[in-house]
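In: Output the structure for:
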Amino acid sequence: MSPGFEKTLSHNQQGHPFSKARNPVSFLGEPDLSSAKPANLAGTLHYCLQNTTLTGSETARPLSPDQSDSAYNAGRQGILQALSLRTGQPEQYALPSMPAPLRQTVCTSISTLLRQPV
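Out: From the prediction side, this is the model:
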């Protein structure tokens, strides 16, 4: 992800530190996008596009996931399923509950990853 992920994670939209009690995402650490299933990444990217976090021009590679795949459907709901780089454990990152700057960082990182040649 971006070098500013932890900084973005530690501040909300008004620039105030998150209360760890109110923001469990702060405990998870940065998601390891390489550990996420391609279907989940595709679904999460769809969520990002539908929720105006990204524009269609920011996604270069066409995606054709199996729409009955549970990982894809979780992603479409805004749930990124990936290992935490902090804990190494599988986590679910809920994009709808993230502050806008952090959600933008995650969506941009997913889009960048999916544009890379395979």
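
In: how about low-confidence regions in this protein?
Out: 1-27, 53-64, 118 (pLDDT under 70).

In: which residues of it fall in helices?
Out: 5-9, 25-28, 38-50, 70-76, 100-115 (DSSP state H).

In: List the buried residues of the fourth one.
Out: Of the residues in helix 70-76, those buried under the neighbour-count criterion (16 or more other C-beta atoms under 10 Å) are 71-76. C-betas here are computed from N, CA, C, even on glycine.

In: measure Ser70 to Ala39 for me?
Out: With the distance defined as C-beta to C-beta, to the nearest Å, Ser70 ends up 8 Å from Ala39.

In: swap in Thr112?
Out: For Thr112 relative to Ala39 (C-beta to C-beta), the value is 18 Å.

In: do Val106 as well
Out: 17 Å.

In: of these two, who's got more company?
Out: Val106 (27 against 21; other C-beta atoms under 10 Å).

In: Report the separation between that one and Ala82.
Out: Applying C-beta to C-beta to Val106 and Ala82 gives a distance of 10 Å.

In: and for the two, which residues touch both?
Out: 31, 93 (C-beta atoms under 8 Å, 6 or more residues apart in numbering).

In: and Gly29, what does it touch?
Out: Gly29 neighbours (C-beta under 8 Å, 6+ apart): 84-87.

In: Going through the residues you listed, which ones are buried?
Out: 84-85.

In: would you turn the contacts of Gly29 into CSV with distance to Asn51?
Out: Shown next, in CSV, are the contacts of Gly29 (distance: C-beta to C-beta, whole Å):
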residue, distance to Asn51
Ser84, 23
Leu85, 24
Arg86, 26
Thr87, 27
